[in-house]
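*Asks:* A structural model of the following input is requested.
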Amino acid sequence: MDLLGALSSGANPSEIEAPSICSRKGCREAAEYKILWNNPKIHTPERRKTWLACSEHRAWLENYLQERSFWKETLPF
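*Replies:* Next up, the predicted model:
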């Protein structure tokens, strides 16, 4: 069902799931991985932020975070 069809049928907009897409700028591919990270300068050690990645951009996003010592773990989505 499309968004307009869901809204016209009386569905609650908060119940409509948006597709989970890659966090790489400009990418619209479906997410296959979740990359967990934190910035130790502003986050507590146990805090984990999440970026989603497609298979094409997984390595790029991990490398970006590793260069800044932010990367913690990558898991299947």
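*Asks:* Show me the shaky parts of this structure.
*Replies:* Low-confidence segments of the chain (pLDDT under 70): 1-16.
*Asks:* Can you tell me which residue is spatially central in it?
*Replies:* Note on the chain: the residue nearest the mean C-alpha position is residue 52, at 2.7 Å, using Cα atoms, centre = their mean.
*Asks:* quick one, helices of this structure?
*Replies:* Taking DSSP state H, the helices of the chain run over residues 3-8, 58-67.
*Asks:* quick one: contacts of the last one?
*Replies:* Put plainly, it is helix 58-67. 23, 24, 32, 33, 35, 37, 51, 53, 71, 74 (Cβ atoms under 8 Å, 6 or more residues apart in numbering). C-betas here are computed from N, CA, C, even on glycine.
*Asks:* what's across from the fifth one in the sheet?
*Replies:* Translated: residue 35. For residue 35, the beta-bridge partners under DSSP bridges are residue 51, residue 74.
*Asks:* mind checking how far it is from residue 52?
*Replies:* 7 Å (Cβ to Cβ, to the nearest Å).
*Asks:* any residues in contact with both of these two?
*Replies:* residue 23.
*Asks:* List the residues that contact residue 51.
*Replies:* Contacts of residue 51 (Cβ under 8 Å, 6+ apart): 23, 34, 35, 37, 61, 65.
*Asks:* switch to 7 Å and redo it
*Replies:* Contacts for residue 51 (Cβ atoms under 7 Å, 6 or more residues apart in numbering) come out as 23, 35, 37, 61.
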